[in-house]
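Chemist: take this sequence and fold it.
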Amino acid sequence: LTGSSGNYVINVKSIRVNGNKLSVEGPLAAELSTVVPYTMLESSIYAVFAEAYAKAASEATSVAPVAPFGLCFTSDVEFPAVDLALQSEMVRWRIQGKNLMVDVGGGVRCLGIVDGGSSRVNPIVMGGLQLEGLILDFHLGNSMMGFGQ
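Modeler: Residues are numbered from 1 along each chain as shown. The predicted structure follows:
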């Protein structure tokens with residue numbers, strides 16, 4: 001955990017979709033933001049993530065994306081969870097349910113993780129949707145963060 005100018009950054013060792021580890025090089029710096037509504041991934045990471053998520057959600061009916069989202073569905077199935085490994089593979093932040101999918105109306109739900117472009121200071125910015133309902137406990141002296149629901 002690092003903090004400067006009111007920004008807090010954590011290291012993400014790996015990303016998993018439905019239990020499957022993505023082939024992205026970690027650790028990745030992830031800024032925590034209550035200003036950005038949805039988590040943004042740097043474009044090269046998002047491409048790998050979106051492909052893996054679409055494959056994992058193959059039971060869902062895919063529909064044309066609704067901006068700013070890249071993956072949208074009309075199914076009412078349980079969508080795959082996303083896990084971020086933090087200090088080790090044993091310490092994971094699980095993102096699922098209302099912290100993952102956005103109801104955009106008309107029976108369409110979209111994945112609340114978006115392509116953040118290629119010119120990012122940090123490759124991941126964790127948005128408000130993913131932070132909602134979490135209790136974050138910062139230990140700045142020890143450079144640690146605890147979280148719970």
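
Chemist: confidence score at M144?
Modeler: Listed pLDDT for M144 reads 69.

Chemist: hmm, I typed the wrong one, I wanted V66.
Modeler: At V66, pLDDT is 97.

Chemist: in which helix or strand does D83 reside?
Modeler: strand 82-85 (DSSP states H and E).

Chemist: longest helix in the protein, by residue count?
Modeler: For the chain, the helix with the greatest residue count under DSSP state H is helix 43-56.

Chemist: which neighbouring elements make contact with that helix?
Modeler: When contacts are defined as 3 or more CB pairs under 8 Å, 6 or more residues apart in numbering; DSSP states H and E, helix 43-56 packs onto strand 14-17, strand 113-115. Every C-beta, even on glycine, is put in place using the N, C-alpha and C of the backbone.

Chemist: give me the contact list for the longest one.
Modeler: Contacts to strand 14-17, defined as CB atoms under 8 Å, 6 or more residues apart in numbering, come from residues 21-22, 24, 26, 28, 45, 49, 52-53, 56, 80-85, 89, 92.
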